[in-house]
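A.B. asks: Any chance you can model this:
(4 chains)
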There are 2 protein chains.
Amino acid sequence: MRRRRLEPDARREQILSVAIRLFGSKPYADVSTTDVAREAGVARGLVNHYFGTKKDLYLEVVRVMLTVPETALELLPGGELPERADSIVSWFLDVVSRHSTSWLAATGAGGMAGDADVDDVIAEAVDVAADGVLRAVGMGQEPTAALRGMARSYVGLAIYTAQEWLQRGVLTRDQVHLLLATNLVTMVERVFPHAR
Amino acid sequence: MRRRRLEPDARREQILSVAIRLFGSKPYADVSTTDVAREAGVARGLVNHYFGTKKDLYLEVVRVMLTVPETALELLPGGELPERADSIVSWFLDVVSRHSTSWLAATGAGGMAGDADVDDVIAEAVDVAADGVLRAVGMGQEPTAALRGMARSYVGLAIYTAQEWLQRGVLTRDQVHLLLATNLVTMVERVFPHAR
DNA sequence: GAGCACTATTGGCGATGTGTCAACAAGGGT
DNA sequence: ACCCTTGTTGACACATCGCCAATAGTGCTC
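C.D. replies: Numbering: from 1, shown residues only, chains lettered A, B, ... in the order given. Got it, this is the predicted structure:
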């Protein structure tokens, strides 16, 4: 048995990538740390050494999965509200469908939504997305707590609808786009103004 | 040691009620079958005898939690669309806030969303709710698959918004009501018609 | 009321998974 | 070539779960 010694960062990265693959393909309970260790060609104890507990490892995985889609929304297209809504929805659907499997695993929380820590990670990602939405529709400057809550609510709709689209396949992309864009316009014009 | 013998139905019911209380207060992984058995004053093996596996027990619990709110939506108030939207939203918020803790535990899936079987149970409840919505707005007769998908999407919004309301408390009930009613009207008038 | 049969209930066995930690060895510095 | 840092291992202790043979309530029969 010849065992190789790696830089901590490299080893950590390698284990993490295996964990991402496994947690992306089956729910939390169906992935054992033994599985991760075996597929990484490593002793099980090393997984704990680098990531602490199994849940800690999972949190790291979800964090990565949810951070990937944070790729620049920076280019705000300007124009009237309907056009802006269209382009932010398009952007969202593009990103989500590109990383569909890992994104679905993360938002579906692969078998651990409801756990306080996991929820925190997801909630933070939703927060970021909600702020992005508010910025894109021109209400980004110092939003009320209520306004951010409403925006999170819309993000919830977007997540759920995208899941409906990608997992069930009963909606076409055009239908999803219409649904999300229309509701966003409604939110901005008729609901957000009441957040005081 | 004096042990009592119960009718199978009674014992089953008793264990189930304990399980509902426990799964309603902490996530799936933090509830052991030993806990359930101890609090029910029963040997652990008996839990398996009545419910099979731990997940089976949990599925039963979630089923009960989600079935409670299914209390009659039967009285459709008639009137124009905005009035109907208002009353169905009121009804929903009433039911949900009344059973808030167990409802939150069930929809948040107390630590096991993502698991295929659990998702099935939740999805079925969402289906029922979606049909209720469609009926309430007068589109209940033989809906398209796409239309039902859109309705489920709206139910997803309602669930998420209610969670935002009950758990975070940054939105008032009036704001939640406005958000859901307004978006429902928009859905019916501008989105549902494109489900062909 | 004593014995009996039915079955609800128990307790423990084996398997699996997890966190920890002392011991081991790989690989660079001297 | 030796040593010393530290990445890495293997095993121990503990918890939980599914299963099943053994046990003992409880109503029924005579």
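
A.B. asks: Run the chain-centre distance for stretch A:148-160.
C.D. replies: Taking the mean of its C-alpha atoms, stretch A:148-160 sits 13 Å from the chain's own mean (C-alpha atoms, centre = their mean, to the nearest Å).

A.B. asks: Can I get it in CSV, CA atoms only?
C.D. replies: This file holds the C-alpha atoms of stretch A:148-160, laid out as CSV (Å, rounded to 0.1, in the frame of the first residue of the first chain):
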residue,chain,number,x,y,z
ARG,A,148,-37.0,42.4,1.2
GLY,A,149,-39.5,39.9,2.5
MET,A,150,-41.7,40.4,-0.4
ALA,A,151,-38.8,40.0,-2.8
ARG,A,152,-37.7,36.8,-1.1
SER,A,153,-41.3,35.6,-1.6
TYR,A,154,-40.9,36.3,-5.3
VAL,A,155,-37.6,34.4,-5.4
GLY,A,156,-39.5,31.5,-3.7
LEU,A,157,-42.0,31.5,-6.5
ALA,A,158,-39.1,31.5,-9.1
ILE,A,159,-37.4,28.6,-7.4
TYR,A,160,-40.5,26.6,-7.1
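
A.B. asks: average pLDDT across stretch A:129-138?
C.D. replies: Averaged over stretch A:129-138, pLDDT sits at 92.

A.B. asks: Is residue A:181 in contact with residue A:82, as I believe?
C.D. replies: Yes - assessed by C-beta atoms under 8 Å, residue A:181 is found in contact with residue A:82 at 7.4 Å. For every residue, glycine as well, the C-beta is placed using N, CA and C.

A.B. asks: Looking at those two now, which is surrounded by more residues?
C.D. replies: Of the pair residue A:181 and residue A:82, residue A:181 is the one with more neighbours under other C-beta atoms under 10 Å in any protein chain shown, namely 20 against 12.

A.B. asks: now the host helix or strand of the more buried one and helix B:173-186, what's the angle there?
C.D. replies: Per DSSP states H and E: residue A:181 is located in helix A:173-186. Interaxial angle of helix A:173-186 relative to helix B:173-186 (axes from the mean of the first three to the mean of the last three C-alpha atoms, to 10 degrees): 140 degrees.

A.B. asks: what comes up buried for helix A:173-186?
C.D. replies: If you call a residue buried by 16 or more other C-beta atoms under 10 Å in any protein chain shown, then helix A:173-186 has these buried ones: A:175, A:176, A:177, A:178, A:179, A:180, A:181, A:182, A:183, A:184, A:185, A:186.

A.B. asks: and that helix, anywhere near chain B?
C.D. replies: Yes - shown here: helix A:173-186 in contact with chain B (C-beta under 8 Å from any C-beta of the partner chain) through A:175, A:178, A:179, A:182, A:183, A:186.

A.B. asks: Residues contacting stretch A:50-69, please?
C.D. replies: Residues from elsewhere that reach stretch A:50-69 (C-beta atoms under 8 Å, 6 or more residues apart in numbering or on different chains): A:8, A:11-12, A:15-16, A:19-20, A:23-24, A:28, A:33, A:36, A:47, A:95-96, A:99, A:102-103, A:105-107, A:109-110, A:112, A:115, A:117-118, A:121-122, A:125.

A.B. asks: could I have it exported to PDB, CA atoms only?
C.D. replies: Taking Å, rounded to 0.1, in the frame of the first residue of the first chain, the C-alpha atoms of stretch A:50-69 are listed here in PDB:
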ATOM      1  CA  TYR A  50     -10.900  18.200   6.900                       C
ATOM      2  CA  PHE A  51     -14.600  19.000   7.200                       C
ATOM      3  CA  GLY A  52     -15.500  18.100  10.800                       C
ATOM      4  CA  THR A  53     -18.900  16.500  10.900                       C
ATOM      5  CA  LYS A  54     -20.800  15.000   8.000                       C
ATOM      6  CA  LYS A  55     -23.300  17.800   8.100                       C
ATOM      7  CA  ASP A  56     -20.500  20.300   7.900                       C
ATOM      8  CA  LEU A  57     -19.300  18.700   4.700                       C
ATOM      9  CA  TYR A  58     -22.800  18.800   3.400                       C
ATOM     10  CA  LEU A  59     -23.200  22.500   4.200                       C
ATOM     11  CA  GLU A  60     -20.000  23.200   2.300                       C
ATOM     12  CA  VAL A  61     -21.400  21.300  -0.700                       C
ATOM     13  CA  VAL A  62     -24.700  23.200  -0.700                       C
ATOM     14  CA  ARG A  63     -22.800  26.500  -0.300                       C
ATOM     15  CA  VAL A  64     -20.800  25.700  -3.400                       C
ATOM     16  CA  MET A  65     -23.800  24.600  -5.400                       C
ATOM     17  CA  LEU A  66     -25.700  27.700  -4.600                       C
ATOM     18  CA  THR A  67     -22.700  30.100  -5.100                       C
ATOM     19  CA  VAL A  68     -22.000  28.900  -8.700                       C
ATOM     20  CA  PRO A  69     -25.200  30.500 -10.100                       C
END
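
A.B. asks: from the chain's centre, how far out does that stretch sit?
C.D. replies: Chain-centre distance of stretch A:50-69: 12 Å, with C-alpha atoms, centre = their mean.
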